[in-house]
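A.B. asks: Take a look and give me a structure for this.
(3 chains)
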Amino acid sequence: MSKVTKEQVLRSSGVNVLKCMRCGKCSATCPSYDEMEYHPHQFVYMVEKGDLEPLLNSDSIYKCLSCYACVERCPRGVEPAKVVEGIRNAVLRQSGMNHIKAENIPDMLDEDLPQQAIVSAFRKYKR
Amino acid sequence: MQRIGVFVCWCGSNIAATVDVEAVSEALKSEPGVVFSTNYQYMCSEAGQNMIKDAIKEHNLTGVVICSCSPRMHEATFRKTVQGAGINPYMVEIANIREQCSWIHKDKQTGTEKAIILGKAAIAKVHLNAPLTAGESPVVKRALVIGGGIAGIQTALDIAEAGFDVDIVETKPTIGGKMTQIDKTFPTLDCAACILTPKMVDCAQNEKIHIYSYSEVTAVKGFVGNFTVSIKKKARYVDTTKCTGCGVCTEKCPVKNVPNEFNLGMNNRRAIYIPFAQAVPKVATIDADYCNMLKNGKCGVCSKVCTAGAIDYKQQDEIIEEKYGAIVAATGFNPIKLDNFDEFAYSQSKDVITSLEFERLTNAAGPTSGQLLRPSDGKHPHTIVFVQCVGSRDTSGCGKPYCSKICCMYTAKHAMLTREKYPDTDVYVFYIDVRTPGKNFDEFYRRAVEDYNVHYIKGMVGKVAPRADGTLDVQASDLISNEQLHISADLVVLAAAIEPDKSARPLATMLTASMDTNDFFTEAHAKLRPVESPTAGVFLSGTCQGPKDIPETVSQASAAAAKVIGLLCKDKLTCNPCVAHSDEMLCNGCSSCEKVCPYGAITYSDKEFRMPDRTTAIRRVAAVNEAVCQGCGACTVACPSGAMDLKGFSNKQIMAEVDAICK
Amino acid sequence: MQVNEKEFKPTIVAFCCNWCSYAGADLAGTNRLNYPADVKIIRVPCSCRVNPMFILRAFQRGADGVIMCGCHPGDCHYTTGNYYARRRMTLLFSMLDYLGIERERTRVEWVSAAEGAKFAATMNEFVETVTKLGENKRLEDLRCKEK
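C.D. replies: Sure thing, here's the model as predicted:
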């Protein structure tokens, strides 16, 4: 299994973790905080440090609801949920579960769910 | 044809070592127009200067070229020298053969060749030099201060102290500004009113100071030393010369439901009101939006109870014009609106308040007479949560990208005062960073933690949710212990970011003063000219330039006053003669120059011209105000018809230099 | 290896604003930092005083390269002058490029009064670039070429 790099996560998430000013508002606002071993602000900080192993092996990446509350409320526009998603993607790609067939997507659509949640949920539960 | 003298300086061995000065003066002798050329050890010495003066007289010189050090060094010296010998100081050009030649080239031949070319370029320029005279403009010895908060008050008092007349224009019915709403001031905790109101009274009593309250600036014309300002005195429907400020009308007025802006709408006032007891000027004002008499002509109670006969329902807005030598902007700040921060439930719960509202709740003159009571039910709050950086340091677009600077300290003050007065209260402060760079500031903050046991928590509040039982669920993160907290609070206080007053932007346009992207006024130089605007004659005082606390505001206010006094002391201003000039015959009236001018020095007017066929035509042409123009030359390039040129650096002069260098 | 009878010496005109770059050039001198004598500086009050005409004139009269130096963006003595200059030069240089004057022969550089070393380094580099390109013949006015 190839090593997941910080650059890979940054590229796939499109997040600049250096914008973070460590206020913790992402974790303050997170509804699944208590379920998570690592919290949104830790994801941002650990990715910045390049400390990816604990995140890759943690259940926290599947506990994130992708509700995007942290993205909405971050005063610096860091988008922590995308970092979580970036890590999650890296894990899924390593296990070869990257692909969603395009023709399968219409069946999965649910009118009540935001599209982002569908995509996120799909990636999470197709473990 | 000019008669030019060339003087080559050795600068000891500084130039002579790598430039053959003899060869330079010899080579330049044969240039057209050069009637005299020599070299000397030190041209800037007394003997060297005398040599120049003698040569001017002896050879009847009209222009002088000096090949020496940088013009930044001795241009002024040599201008004075030639002036002493009777020719215009702007007939001198310097060829920089030291910093830009002898010091950088080791080979003597190379250095000499370059020095000759630089000399030729200077000669070519002098040929086209014209005598320039520095203009003078008179200074009106009166200053205008726009804004009557602590910044404006301090500036006005200092200017008046120096003996100059000064007017304050304040949009509110009273001067005093935000500081009147503040209860105590950090880090000494003295009462704001006790230190501010004497200054307000000083302003009212000082015969050099005139206060235009309930007034605004509507137009500014003119330039440094000579501004003409239109001031609109809004109708307050009370004759200020008759009103004694007794306040009977404010008690008898039947309209009782007007939100009181002095208490941020937390209680009501009448339609006729005096903002607060120590208001200056202490006269009543009728709020036209609420007054029954003004709205439908039915009432007139205030007029009946006024023994002084001061009520005048027919009063109209009045515009007066006044002349000033200097203008100080002191427009101040406001806390931002919190519409973008729904997560803190500010609009949903009365018990979520801003810090300024907290000041009113703890002030003896406030809606609760100084009792800290919850706005919703009037009970004592037992758990209070302070949230820092609400809208400050926010680059997401909801708030302001800068640090508001004062919130750390006033929150420490609020927390400390709460614990002092109500020791049974739990006080939490959520912070991102605690910034206390001021004299005795960090000590103050540590006192809040160590002596008053205020719980400082590193982290941010994510959500405030009102509960059915009237408490507020504060969901926050504690980053140090890495946990998410739920605090059941009775009162949540938001340290809202501060922003420049809305009146600042239109004012800046009127003054042609520049602003940054956050609508703070820009200073002429961030470090060395912090209280002046780049626009000459406009000065900055207080938070209109950037977030500031009271001590800093007062320092800056006094600094601005010192700069104003320095300007008003002068009887006349000498202008830089190297300014733009428009050739009216070429100008096509397109306004391109006006748009690029950073100083607003260019104005257009219709002028009558006599045409070749003996008719007259009216054309729109540009004119440069030489007192305002700083001589940057932006307009000269923007001008499509070539009408605009810069004296001392004209198109022809620079072109001649180019030609001489490229030959 | 190329052997020239006479080494090619380019003619380079540098426009420097009075407040930053001219002072930066002076500082390079004060610090005795070498750069080629081919660079001749013309002092202007601000980079926004540089009329594109001046640059065309320089090329017309046989300049091999023209460089314009001003204060760093945001530091202009006249607040906004260098922004105007930057826009004007962007347009002019692209036009010159279209006319066949190589992009490398023209340059805008921001040099503060404290950057003597940067001034010298810039000039060294610019002269080297232009020297490599050789003589500029594209825009010379042939009428000026009688001798």
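A.B. asks: which SSE is residue B:217 in?
C.D. replies: strand B:215-223 (DSSP states H and E).
A.B. asks: List the pairing partners of the helix or strand just after that strand within its sheet, with orientation.
C.D. replies: Using DSSP H and E, the helix or strand that follows strand B:215-223 towards the C-terminus is strand B:226-233. As defined by DSSP bridges, the strand partners of strand B:226-233 come to strand B:215-223 (antiparallel), strand B:318-324 (antiparallel).
A.B. asks: Now do the same contact list for residue C:35.
C.D. replies: With contact taken as Cβ atoms under 8 Å, 6 or more residues apart in numbering or on different chains, residue C:35 is in contact with B:104, C:28, C:119-120, C:123-124, C:127. Backbone N, C-alpha and C define where each C-beta goes, glycine included.
A.B. asks: For chain C, give me the ranges with low pLDDT.
C.D. replies: C:1-6, C:140-147 (pLDDT under 70).
A.B. asks: Can you find the residue of it that comes nearest to chain A?
C.D. replies: Relative to chain A, the nearest point of chain C is residue C:74 (21.8 Å; Cβ to the nearest Cβ).
A.B. asks: Let me see the ranges of the helices in chain C.
C.D. replies: C:21-30, C:52-60, C:81-99, C:116-133 (DSSP state H).
A.B. asks: Tell me which of those sits most buried.
C.D. replies: Burial of the helices of chain C is given as mean neighbour count (mean count of other Cβ atoms under 10 Å in any protein chain shown); helix C:21-30 ranks first at a mean of 25.
A.B. asks: and the angle from it to helix C:81-99?
C.D. replies: For helix C:21-30 against helix C:81-99, the angle by axes from the mean of the first three to the mean of the last three Cα atoms, to 10 degrees is 90 degrees.
A.B. asks: Keeping just the C-alphas, turn helix C:21-30 into PDB.
C.D. replies: Taking Å, rounded to 0.1, in the frame of the first residue of the first chain, the C-alpha atoms of helix C:21-30 are listed here in PDB:
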ATOM      1  CA  SER C  21      14.300  53.600  -7.200                       C
ATOM      2  CA  TYR C  22      16.500  56.600  -7.800                       C
ATOM      3  CA  ALA C  23      17.400  56.500  -4.100                       C
ATOM      4  CA  GLY C  24      17.900  52.700  -4.400                       C
ATOM      5  CA  ALA C  25      20.300  53.400  -7.300                       C
ATOM      6  CA  ASP C  26      22.100  55.900  -5.100                       C
ATOM      7  CA  LEU C  27      22.400  53.300  -2.400                       C
ATOM      8  CA  ALA C  28      23.900  50.800  -4.800                       C
ATOM      9  CA  GLY C  29      26.500  53.500  -5.500                       C
ATOM     10  CA  THR C  30      27.100  54.200  -1.800                       C
END
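A.B. asks: So that helix, near chain B or not?
C.D. replies: Yes: using Cβ under 8 Å from any Cβ of the partner chain, helix C:21-30 reaches chain B at C:22-23, C:25-26, C:28-30.
A.B. asks: For that helix, enumerate the helices and strands it packs against.
C.D. replies: Helices and strands touching helix C:21-30, as assessed by 3 or more Cβ pairs under 8 Å, 6 or more residues apart in numbering or on different chains; DSSP states H and E, comprise helix B:71-84, strand C:12-17, strand C:39-44, strand C:65-70, helix C:116-133.
A.B. asks: Just the angle for it relative to helix C:116-133, thanks.
C.D. replies: Using the same axes, to 10 degrees: helix C:21-30 against helix C:116-133 is 90 degrees.
A.B. asks: Centre of the chain to helix C:21-30, how far?
C.D. replies: Taking Cα atoms, centre = their mean, to the nearest Å, one finds helix C:21-30 lying 15 Å from the centre of the chain it belongs to.
A.B. asks: who's in contact with it?
C.D. replies: B:70, B:72, B:96, B:98-101, B:103-104, C:14, C:16, C:35, C:41, C:43, C:47, C:69-71, C:109-120, C:123.
A.B. asks: Which parts of the stretch 301-450 of chain B are strands?
C.D. replies: B:318-324, B:326-329, B:333-335, B:352-354, B:383-390, B:426-431 (DSSP state E, counting those that start in this stretch).
A.B. asks: who wins for proximity to residue B:608 among these?
C.D. replies: Evaluated over the strands of the stretch 301-450 of chain B, closeness to residue B:608 peaks at strand B:318-324, with 27.0 Å, by Cβ to Cβ.
A.B. asks: Quick check: bridge partners of residue B:475?
C.D. replies: Beta-bridge partners of residue B:475, counted by DSSP bridges, are residue B:463, residue B:486.
A.B. asks: Please look at it and residue B:463 and confirm they touch.
C.D. replies: Yes: counting by Cβ atoms under 8 Å, residue B:475 touches residue B:463, with 4.4 Å between them.
A.B. asks: neighbours of the closest residue in space to residue C:117 that isn't next to it in sequence, just the number please.
C.D. replies: The shortest distance from residue C:117 to any residue other than its chain neighbours is 6.2 Å, reached at residue C:33 (Cβ to Cβ, 6 or more residues apart in numbering or on different chains). Residue C:33: 19 surrounding residues under other Cβ atoms under 10 Å in any protein chain shown.
A.B. asks: Same list, the helices and strands packed on helix C:21-30, but as JSON lines with distance to residue B:114 please.
C.D. replies: Shown next, in JSON lines, are the helices and strands packed on helix C:21-30 (distance: least, Cβ to Cβ, whole Å):
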{"stretch": "helix B:71-84", "distance to residue B:114": "17"}
{"stretch": "strand C:12-17", "distance to residue B:114": "11"}
{"stretch": "strand C:39-44", "distance to residue B:114": "7"}
{"stretch": "strand C:65-70", "distance to residue B:114": "16"}
{"stretch": "helix C:116-133", "distance to residue B:114": "13"}
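A.B. asks: Name the nearest residue to residue B:471, ignoring sequence neighbours.
C.D. replies: For residue B:471, the closest residue by Cβ to Cβ, 6+ apart turns out to be residue B:488, at 4.8 Å.
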